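> Pasting the sequence and the predicted coordinates here, then a few questions.
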Amino acid sequence: MRTSPTIKDVILAPGSGSFFYDDQAAIRAGVAHDGFRYLGAPLTPGFTTVRMPACSLSIGLVLSDDVIVWGDMMSVQYSGAGGRDQVFHLDTIQALTRSVVIPRLLNADVSSFLAACEAVLAYDQGKRLPLAIEYGVSQALLRAVAHNARTTLAEVICSEYHLALPEKPVPLYAQSGDSREINVDKMILKSVDVLPHGLINSREKFGASGEAFRDFVKWVAKRTREIGEPGYHPILHFDVYGWIGLEIGMEAQKIADFITRVADDVPGYRLHIECPADFGSTEVQLEEYAKIVALLDRRGTEARVVVDEQCNTLDDIRSFAKAKAAHLVQIKMPDVGSIADSAKAVLVCKENGVGAYVGGSCTETDLSTRAAVNIAVATQADMMLAKPGMGVDEAVSIVGNEQSRLLSVLNYRRSQNCVQTVRPALA
C-alpha cells in the first residue's frame, strides 16, 4: 500500500518571470517611452523604476522518496494597482518563506491538497501571507499530492472538489502586448479562440472619445475575415484598463452607451470589454459594474463586461458573481493566491451563472502556467489565458500543448477504467 509522502526538506531557487512589472499609475499618467523603457519616476509604492524585470522564487518540496516537486511565486504585471498586493521583492518574499512557511511545510500532511493548503497557508500574526507565496506554495503542494496519487494535477482537483473528469478543452485567449498588429496576425493564423487583449492602457491607444480604440476593434474583426481559416469566428476581447471611464465619463449609462457603440461596430461578433472603468474600491466597483451589466442586458447587445481590477480574491469574486456585477470574471491567479481558491472561484462563478475566465499574467513562468491549465481544465472554465510572456507563440504553445497532453491522459484513464470494469463481466 502506498503511503503518503512527507516533506523532508525545502529548497528555494530565485528565478525570473516572463515579462516585466509595470507601474500602471505612472503609465496612466503619461510617462514617456525610451525604447522599451519608461522614463520618469514611479508612482506606485514598491516600484523602483516604472518598468522592472519580473523576478520569481521557486520553492521545491523534497519528498520522503527524494522526488522534488516545485511551485513558482511571482507578482502580476500591474502589481499594486486595483487593490492588488505590492510588487514582488525577492528578498522580502524569501525571508518570509524561510521564517514562516518552511517550518509549516516540514510538518505538513500532503495526503490531501485542500487540507495541506489550509494548514500551510494559514494566517501569520493575524495577517494573510503575501498572495505570491500562497500561489507558489499551493502549486508545489498540489504537485506533491498528485505525485503520491500518481495522477495529474487536474485529477487531484476533480477528486477533492467532487468533479467529473473533464472531456472538453477550454478555449484559449491570447494577449498581444504592444506589438498588436503582428501578434493579432499570429493569433488569427493559429486560430486562437479569443483575442487579442490589445493592451489599451494609455490615452494614446484609447484616443479622443475612444476613436482610436474603436478603429482598432474594427480592424481586428476585419483582419479575422481577411486571413483567418474559413469558418474562423473568434470572440473579440479587449482590456481597456479603465479608459472608457477616464475618457467617456464614470457614469454607468455613458459607459454602457459607449460599449454598445463598439459592439455595433462589429456586428455578429461576441465582444468582451475588460475593465471599462476602475472605480477605486471593490465596493463601488461592484455597485457600478452591476448597473453597467443590467443596462447592457436590457439592450440585448453582444457585448459582455469582464471584471479584473478591484476583484482579486476569492471573497471578491464571490461578491461579484452573486451580484451579477460582471458577465465574466477574470480569476487572476497570482492575485487570488492559493490555486485552491482559483479552482473554487471557477465553481462559484458557475453556481451563480457568471462566466469564469482563468487568467493570470505575462510575468508568470512555464511552471505556474502548467498548473493553471490543470485548474482551468478540471473545473471547465469558460476560457483561459495563454501565458506567460507577450510573444503569443510561446504562450499558445505552452498552454495549448499542456491542455492537449492533459486531455489525452484523462481519455486514457477513462478507457482503462472501462476495460477494468468490462473484463470481469467477459471472463
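That came through fine.
> what about C55, which SS state?
Following DSSP: H, G, I helix; E, B strand; the rest coil, C55 is assigned to strand.
> How about the one 10 residues further on?
Remark: D65 carries the secondary structure label coil [criterion: three-state DSSP].
> before we move on, what about S397?
Per three-state DSSP, the local secondary structure of S397 is helix.
> For burial, what's the neighbour tally of it?
S397 has 13 neighbouring residues, counting by other CB atoms under 10 Å. C-beta: built from backbone N, CA, C; applies to glycine.
> What of Y161?
Neighbours of Y161 (other CB under 10 Å): 16.
> Ok, E283 next?
What E283 shows, counting by other CB under 10 Å, is a neighbour count of 11.
> Repeat that for V293.
22.
> Who are the packing partners of the helix or strand encompassing it?
Of the helices and strands defined by DSSP states H and E, V293 is found in helix 282-299. Where contact means 3 or more CB pairs under 8 Å, 6 or more residues apart in numbering; DSSP states H and E, helix 282-299 is packed against helix 252-265, strand 303-307, helix 314-322.
> go with 10 Å
Helix 282-299 makes packing contacts with helix 243-248, helix 252-265, strand 303-307, helix 314-322 when contacts are defined by 3 or more CB pairs under 10 Å, 6 or more residues apart in numbering; DSSP states H and E.
> winner for burial among those?
strand 303-307 (a mean of 24; mean count of other CB atoms under 10 Å).
> tell me the contacts of the nearest residue to Q253 once chain neighbours are set aside?
Of all residues not flanking Q253 in the chain, L295 sits nearest, at 6.7 Å (CB to CB, 6 or more residues apart in numbering). Residues counted as contacts of L295 (CB atoms under 10 Å, 6 or more residues apart in numbering) are A252, Q253, I255, A256, D257, I259, T260, T301, V305.
> Identify, from those residues, the entry nearest to V284.
Of all the contacts of L295, V284 sits closest to A252, with 11.2 Å by CB to CB.
> Quick check: pLDDT value at the closest residue to that closest one other than its chain neighbours.
Nearest residue to A252 in three dimensions, chain neighbours excluded: K291, at 3.8 Å (CB to CB, 6+ apart). pLDDT, K291: 98.
> what do you get for N201?
So N201 comes in at 89 (pLDDT).
> G80 too?
87.
> Is it correct that it is in contact with M52?
No: contact criterion CB atoms under 10 Å: G80 and M52 do not qualify, at 11.4 Å.
> Give the intersection of the neighbour lists for those two.
Taking CB under 10 Å, 6+ apart as the contact rule, G80 and M52 both touch Y21, D23, P42, G46, V87.
> so who does the third one touch?
Translated: P42. So P42 contacts D22, D23, A25, A26, V31, T48, T49, V50, R51, M52, G80, V87 (CB under 10 Å, 6+ apart).
> burial measure for the fourth one, as a count.
In this case it means A26. 20.
> do the same with the second one
By the measure other CB under 10 Å, the count of residues near D23 is 28.
> do the same with the last one
Look at V87: counted by other CB under 10 Å, it has 26 neighbours.
> Just want the phi and psi numbers for R203.
phi -60, psi -40 (degrees, to the nearest 10).
> Without its sequence neighbours, what residue ends up closest to it?
Using CB to CB, 6+ apart, the closest residue to R203 is G30 (6.7 Å).
> Make sure the one you found is actually in contact with L246.
No: look at G30 against L246 with CB under 10 Å: they stay out of range, at 11.6 Å.
> Number of residues surrounding the residue found closest to L189 once you drop the neighbours it is linked to in the chain?
In space, L189 comes closest to I227 once its chain neighbours are excluded; the distance is 6.6 Å by CB to CB, 6+ apart. I227: 12 surrounding residues under other CB under 10 Å.
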